[in-house]
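[1] sequence plus the predicted model coming up.
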Amino acid sequence: MPLLEVTDLKIWFHTREGVFRAVDGVSFSAEKEQTVGIVGESGSGKSVTCYSLLGLIPMPPGRVEGGKAMFDGIDLLKCKAKQLQAIRGKRIGMIFQDPMTCLNPYLRISTQLIEPLLVHEKMDPMAARKRAIEVMEEVGIPDPEKRFEMFPHEFSGGMRQRVMIAMAMITNPEILIADEPTTALDVTVQAQILSLIKDMQRKHGTAVIFITHDLAVISNICDEVNVMYAGRIVERASADELFSNPLHAYTRSLQKSIPAMQIKGQELYTIPGLPPNVSRPIPGCAFAPRNEIGDRSKCLTDSRPPFEEMQPGHWVQNCPGCLA
């Protein structure tokens with residue numbers, strides 16, 4: 001049985017401009033020690049999907065329109081606030097995108113790092129301090145006893161991200177949600193952070209849900225990959241299968257956009273157009289207007305493409321115009 005199983009999740013935002021269907025029927029699962037990737041362009045619904053599991057989307061304007069998110073027999077979408085608070089930060093940890101805006105600039109790292117231990121573990125402050133310094137050392141922060149009392153602005157970007165990982169892992173959660181944790185980092189530090197997440201996962205047996213727009217990152221860290229577009233998952237497969245045999249036109253377009261895949265001297269490929277406006281229902285294939293790798297004339301226009309298993313373990317939205 002999966003550690004987390006999300007079924008037909010729908011998160012819509014009700015605004016004066018209309019109803020934005022940010023997440024429109026997403027399903028995925030995560031097993032113990034498995035790394036599940038969610039990849040797609042900005043605005044595809046990746047972060048909203050995971051924020052909703054922890055009750056972190058503003059309501060209103062956000063609203064859970066349907067679906068389930070089962071974790072240890074508990075539907076996270078129907079949890080009472082107190083019950084969800086006991087799970088969030090204790091059994092499910094999260095690394096946010098930008099550590100500079102997520103760490104409180106007015107509080108020392110020590111205050112922020114030991115908070116989960118004081119709240120969830122009811123630890124004595126001295127024991128919490130000792131545990132926090134140990135975790136800082138685990139995530140590769142040099143001279144942790146001295147840095148423990150510093151403020152966030154005294155850390156580099158890579159070190160702040162290590163602090164965020166330490167905060168997320170300090171209670172040994174069963175699931176870690178990593179929301180684009182390497183976006184603002186250079187390539188060298190990015191590799192260190194990815195390696196650190198994998199090491200912590202192996203040590204504690206944690207399941208990881210990794211959100212990113214970077215396919216290169218996905219290929220290095222994930223066991224299974226979900227490709228999202230316009231609030232829906234258009235393709236799901238193991239990382240090896242997805243990169244060796246992408247079936248959906250959107251996935252192939254994303255791969256073609258990777259700079260390392262370009263022929264030297266040629267213009268870099270970009271997907272034409274813009275993602276669709278999700279404030280209006282999309283009756284057919286959402287990718288049809290931008291589809292130049294497949295045959296857009298064959299894309300479905302009046303019905304939503306069914307999500308089907310085309311090959312063992314390889315699921316894709318079955319739109320004739322998008323399939324390879």
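    Arrived safely. Residues are numbered from 1 along each chain as shown.
[2] where are the low-confidence patches of the stretch 101-250 of the chain?
    Residue ranges of the stretch 101-250 of the chain with pLDDT under 70: 184-185.
[3] now do 50
    Scanning the stretch 101-250 of the chain for pLDDT under 50 picks out nothing.
[4] where along the chain do the helices fall?
    Secondary structure of the chain (DSSP state H): helices at 46-53, 81-87, 99-102, 109-120, 125-138, 144-147, 157-169, 187-204, 215-221, 239-244, 249-256.
[5] how far away is the residue nearest the centre of the chain from residue 219?
    Centroid-nearest residue in the chain: residue 211, 2.4 Å away (criterion: CA atoms, centre = their mean). Separation of residue 211 from residue 219 (CB to CB, to the nearest Å) stands at 15 Å. (Glycine included, C-beta is placed from N, CA and C.)
[6] what do you get for residue 250?
    From residue 250 to residue 219 the distance is 17 Å (CB to CB).
[7] ok, now residue 109?
    Relative to residue 219, and taking CB to CB, residue 109 is found at 33 Å.
[8] these two: who's more crowded?
    Using other CB atoms under 10 Å, the more surrounded residue of residue 109 and residue 219 is residue 109, with 26 against 17.
[9] now do the contacts for that one.
    103, 147, 148, 149, 150, 151, 152, 155, 163 (CB atoms under 8 Å, 6 or more residues apart in numbering).
[10] now, which of the residues you listed lie within strands?
    Using DSSP state E, no member of those sits in strands.
[11] show me which of these are buried.
    103, 147, 148, 152, 155, 163 (16 or more other CB atoms under 10 Å).
[12] for these, which one is nearest residue 95?
    Of all those, residue 95 sits closest to residue 163, with 10.2 Å by CB to CB.
[13] thought residue 156 was touching that closest one, still the case?
    No - using CB atoms under 8 Å as the test, residue 163 is too far from residue 156 to be in contact (10.6 Å).
[14] bridging residues for residue 323?
    residue 248 (DSSP bridges).
[15] residue 298 versus that one, what's the distance?
    Residue 323 is 9 Å from residue 298, where distance means CB to CB.
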